[in-house]
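*Asks:* Requesting a structural model of the entry that follows:
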Amino acid sequence: MKKKKHDGRTSDVTFSWMLTTLGSEWETWQNFAAEWLSTQHSGIAHKIDALIVFFDKYLQNYASYAIDINLFFNGYMGHICSSEEFETIIRKRLKDSSRIQKIINHPTEFVDYIIKQYYSEQDDKGNSLPLVTNPLNKIKRTLTYTETVRNPLPYRYILELRQILCPLPKKNEQQIIEKNSEQNETLLSPYHYRHFKHWTWAQSQTGQTHQDGDWFEVKPEVIDKSDPDCVWRIKIIIQKNVEIPIYQIWSPVRAVAVFIKLHLPLRSYQVRM
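*Replies:* Okay, the predicted model is just below:
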């Protein structure tokens, strides 16, 4: 946002700065803001900040007719205030998702308070009915690329999924690994001793029908049969009632991508990069 004016607004709990900086015609909003803030008991600085942006950066510049609070609720000349418009405006200058959320949600709560206190009436049963609609809506925090909206899997499930993709050595193999590692300065993870030939579950997930999936046809001389990471097979296809053997190797790219995601909190596009 633009540099704040030196009118004491950031610590002004009465919002008197609005009368001196924006003009006396904002007195209705100023009184409502001071009243609402007096009912708040936490996050005062954040709420003052949010209302400053709401009044000074949004209403004054993009909906000046809202000086008349009735027009704020009803709109004017085809324009109606909205959280979407408000968010678009402040995102031009702000990138902090947490602050953006507060800047929009606190004014929404503030307007809800005004409606409840001054723009509602009771029905025959004593229930409070709003006479106007709040044009603002709360927004959820927009997550950054390092965050996800999904709940994390329980860790035991992650371990099981790792084991399915890349099976750990059996007990007798583990003993051999530990014995050999005594001569090494660093004990490698058991996963370092597994080869793609052990990833049998992943290999069985594609290429079992007419579509080859992660299996690619190659010339026989390309296959290194001594390499445990070179997984290959012979597939029989039928052409004109004649069985023809073709050689294929398995691409571990997609399986490794999933395996990486089971170890690191990365999104798929980050793994691809």
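
*Asks:* Determine the three-state secondary structure at residue 248.
*Replies:* strand (DSSP: H, G, I helix; E, B strand; the rest coil).

*Asks:* Excluding chain neighbours, what is closest to it?
*Replies:* residue 215 (4.4 Å; Cβ to Cβ, 6 or more residues apart in numbering). From N, CA and C alone the C-beta is placed, and that goes for glycine too.

*Asks:* who does the one helix or strand residue 50 maps to touch, helix- and strand-wise?
*Replies:* Residue 50 belongs to helix 44-52 when assigned by DSSP states H and E. Judged by 3 or more Cβ pairs under 8 Å, 6 or more residues apart in numbering; DSSP states H and E, helix 44-52 is in contact with helix 27-38, helix 97-118.

*Asks:* how does it look with 6 Å?
*Replies:* helix 97-118 (3 or more Cβ pairs under 6 Å, 6 or more residues apart in numbering; DSSP states H and E).

*Asks:* Run the chain-centre distance for the next helix or strand after the helix it packs on.
*Replies:* Going down the chain from helix 97-118, the next helix or strand is strand 120-122, by DSSP H and E. Per Cα atoms, centre = their mean, to the nearest Å, the displacement of strand 120-122 from the mean C-alpha position of its chain is 39 Å.

*Asks:* quick one: average pLDDT of strand 120-122?
*Replies:* Strand 120-122 comes out with an average pLDDT of 90.

*Asks:* Parallel or antiparallel, which strands does it pair with?
*Replies:* strand 128-130 (antiparallel) (DSSP bridges).

*Asks:* Tell me the buried residues in the very next helix or strand once past the strand it pairs with?
*Replies:* Once strand 128-130 ends, the next helix or strand along the chain (criterion: DSSP H and E) is helix 155-165. Within helix 155-165, the residues that count as buried by 16 or more other Cβ atoms under 10 Å are 162, 165.
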